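1. What shape does this take:
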Amino acid sequence: MNTMTATTDHDQAEDDLVRRVKTDRQAFAALYDRYYPKILKYCSRRLYSQSVGEDLTSDVFLIAATKIESFRGQSDGEFSQWLYTIATNKINEHVRSYARRKELLQSAAQSRRIGQTETIDRSDHLDWPAVYEAILQLKPRDQTLITLRYMQELPHAQIAGIMNLKPAAVRVALSRAMAQLRERFNHD
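-> Residues are numbered from 1 along each chain as shown. A predicted model of the protein is given here:
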């Protein structure tokens, strides 16, 4: 079996799992196991708190479980996009509701890490408190874009689907957000 066939078979198996998710609890459990760590990482990094990230990740999967009947996708990529969209909405709701971004940022800056157990891999050469402070000064949409692209390492096309934008618009918005970050660091 060549690599291309193995990849195609794997993709088909993942898509089949997504198609069964509405009627098969074990399919949902398998997708939960696959996506929980990714969604937790996204929520924790976006909110600079492992415990808040855990709470929101639980909410994301509760919403997904209760609204699975309304999910129209047929592929693993569409399911992933749907979960990230729910997570993004929950994060934005949390930030608006509690206005705790400054407190979360100060906590992350003081600990120089994200969450209680996971540090960012590239933290050796960056001043993360300054990075967090600069990101916090951006608009929430730009914060989301930067987190999805550079911390979650999602492709432009998937970010576009999550944020209801075109991939070209994602590239432009990311470029502008990064220019704003560079400008903040150049003035300091």
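
2. Could you identify the helix or strand that succeeds the helix or strand of the chain at the bottom of the mean pLDDT ranking?
-> The weakest-scoring helix or strand in the chain, judged by mean pLDDT, DSSP states H and E, is helix 101-111 (a mean of 58). Downstream of helix 101-111, the next assigned helix or strand under DSSP states H and E is helix 128-136.

3. how about low-confidence regions in the protein?
-> 1-10, 97-126, 187-188 (pLDDT under 70).

4. Centre-most residue in it?
-> Tyr42 (3.6 Å; CA atoms, centre = their mean).

5. Just the element for that residue, please.
-> Here Tyr42 is assigned to helix 25-47, by DSSP H and E.

6. That helix packs against which elements?
-> Applying 3 or more CB pairs under 8 Å, 6 or more residues apart in numbering; DSSP states H and E, one finds that helix 25-47 contacts helix 3-20, helix 50-66, helix 76-98. For the C-beta atoms, the positions are set from N, CA and C on the backbone; glycine is no exception.

7. Please name whichever of these is nearest to Leu136.
-> helix 76-98 (10.3 Å; CB to CB).

8. Please spell out which residues along the closest one are buried.
-> 76-77, 79-84, 86-88, 90-91, 94-95 (16 or more other CB atoms under 10 Å).

9. related to what we said a few turns ago, contacts for the helix holding Tyr42, please.
-> Residues outside helix 25-47 that contact it (CB atoms under 8 Å, 6 or more residues apart in numbering) are 17-18, 20-21, 50, 52-54, 56-57, 60-61, 65, 68, 79-80, 83-84, 87, 90-91, 94-95, 104, 114-115, 118, 120, 143-144, 147-148, 151-152.

10. Could you do stretch 139-158 as well?
-> Contacts for stretch 139-158 (CB under 8 Å, 6+ apart): 38, 41-42, 45-46, 77, 80-81, 84, 88, 91-92, 95, 120, 135-136, 138, 159, 162-163, 167, 170-171, 173-174, 176-178, 180-181.

11. With stretch 167-176 instead?
-> So stretch 167-176 is contacted by Arg141, Asp142, Leu145, Ile146, Arg149, His156, Ala157, Ile159, Ala160, Met163, Leu165 (CB under 8 Å, 6+ apart).

12. Only the buried subset of these, as a ChimeraX command please.
-> Of these, the buried ones go into a single ChimeraX selection, burial set by 16+ other CB under 10 Å:
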select :142,145,146,149,156,159,160,163,165
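
13. from the contacts of stretch 167-176, which is closest to Ala13?
-> Using CB to CB, the contacts of stretch 167-176 come closest to Ala13 at Ala157, 21.9 Å.

14. Thanks a lot, see you next time.
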